[in-house]
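Trainee: Pasting the sequence and the predicted coordinates here, then a few questions.
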Amino acid sequence: QALARRLGVGHLEYRWRDAPEQAGAAWLQRPLYATFRRPLHLDDEQNLLAIPRKQRAVVRKGIANGLHSAIDHDLDRFYPIYADSVHRLGTPVFARRHFALLRSVFGDACDILTVYHGVQAQASVLAFYFRDEVLPYYGGGALLARSTGANDFMYWEVMRRAAARGCRLFDFGRSKLGTGAWDFKKNWGFVPQPLPYAYKLVRATALPEVNPLNPRYALFIRAWRRLPLPLANLLGPHIVRQLG
């Protein structure tokens, strides 16, 4: 807290999965996020049956469409798909070198899985491994991915390959209440576990609402979607650094 006051930041945020006892009344606590985690089984069929029926049907649709996956060793397929995907969501993209650095630092503790329909790459995700857990973190799909089921098949393939690798827990990451990502993860049968983050106001009088649900950002999101993709990819890395 002393460092936060010395730097003059707006607020200080503590993140954890289980709130410690010292998070008392002096801290603001708002139920903004939840994490989604579930055990993985050794058997593929058990993992498939753990997915609710409607969502499982979408995965089976991808299998029936002849989708297949491969592990990529470079960013050539991942980055264009990811950049196009976040652009359609109205979100600035990280620089390509950000992902190159992650691959360099994490080494075998991360990989890129890409889903193909024939020879066409339709979805790709950068996943991280920690002990017996897998976390698919940066993922995106091409425009055709929705019709072929490539996005859903992609996460199934992460599960399947991670179980074969020895992972016993699938971490779908955190999402904010009321967002499409929250609903998507619940559709996979994951139960949201609220994250008891705590906040201390320093110079700010209220917590900032830097998220897509804030109406202040609606105009920016619509405008960003209309930018030509090359221009969005050029400007995005400079903007996202300020948002982070």
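Mentor: Now that the structure is in, tell me what you want to look at.
Trainee: Sheet partners, orientation included, of the longest strand seen in the chain?
Mentor: For the chain, the longest strand by residue count, based on DSSP state E, is strand 120-130. Using DSSP bridges, strand 120-130 pairs in its sheet with strand 110-117 (antiparallel), strand 133-141 (antiparallel).
Trainee: Which of those sits closest to I51?
Mentor: strand 133-141 (14.8 Å; CB to CB). Placement of C-beta: from N, CA and C, glycine included.
Trainee: Contacts made by the next helix or strand after that closest one with the rest, please.
Mentor: Sequence-wise, the next helix or strand downstream of strand 133-141 (DSSP states H and E) is helix 145-148. With CB atoms under 8 Å, 6 or more residues apart in numbering as the test, helix 145-148 has contacts from G62, N65, L67, V115, H117, Q122, A123, N151.
Trainee: Could I get the pLDDT score of the third one?
Mentor: The score at L67 is 97. That number is its pLDDT.
Trainee: Skipping its backbone neighbours, what lies nearest it in space?
Mentor: Spatial nearest neighbour of L67, chain neighbours left out: F153 (4.8 Å); criterion: CB to CB, 6 or more residues apart in numbering.
Trainee: Verify the stated contact: A34 with L195.
Mentor: Yes. Between A34 and L195 a contact is recorded at 6.0 Å, counting by CB atoms under 8 Å.
Trainee: Overlap of the contact sets of the two?
Mentor: Common contact partners of A34 and L195 (CB under 8 Å, 6+ apart): R174.
Trainee: that older thread, mind listing residues that contact the helix or strand harbouring the residue nearest to L67?
Mentor: In the assignment (DSSP H and E), F153 maps to helix 150-165. Contacts to helix 150-165, defined as CB under 8 Å, 6+ apart, come from residues 40-42, 44, 47-48, 51, 55, 58-59, 61-63, 67, 69, 71, 113, 115, 117, 122-125, 127, 129, 134, 136, 139, 141-142, 144-145, 170, 188.
Trainee: now the angle from that helix to strand 110-117?
Mentor: 130 degrees (axes from the mean of the first three to the mean of the last three CA atoms, to 10 degrees).
Trainee: Touching, N233 and V93? I think so.
Mentor: Yes. N233 lies in contact with V93 (CB under 8 Å); the separation is 6.0 Å.
Trainee: Which of the two has more residues huddled nearby?
Mentor: Applying other CB atoms under 10 Å to N233 and V93 shows that V93 carries more neighbours, namely 25 against 20.
Trainee: Can you check my assumption that that one lies in a strand?
Mentor: No. Looking at V93 with DSSP: H, G, I helix; E, B strand; the rest coil, it is coil, so not inside a strand.
Trainee: Give me the nearest residue to it, chain neighbours excluded.
Mentor: G236 (4.1 Å).
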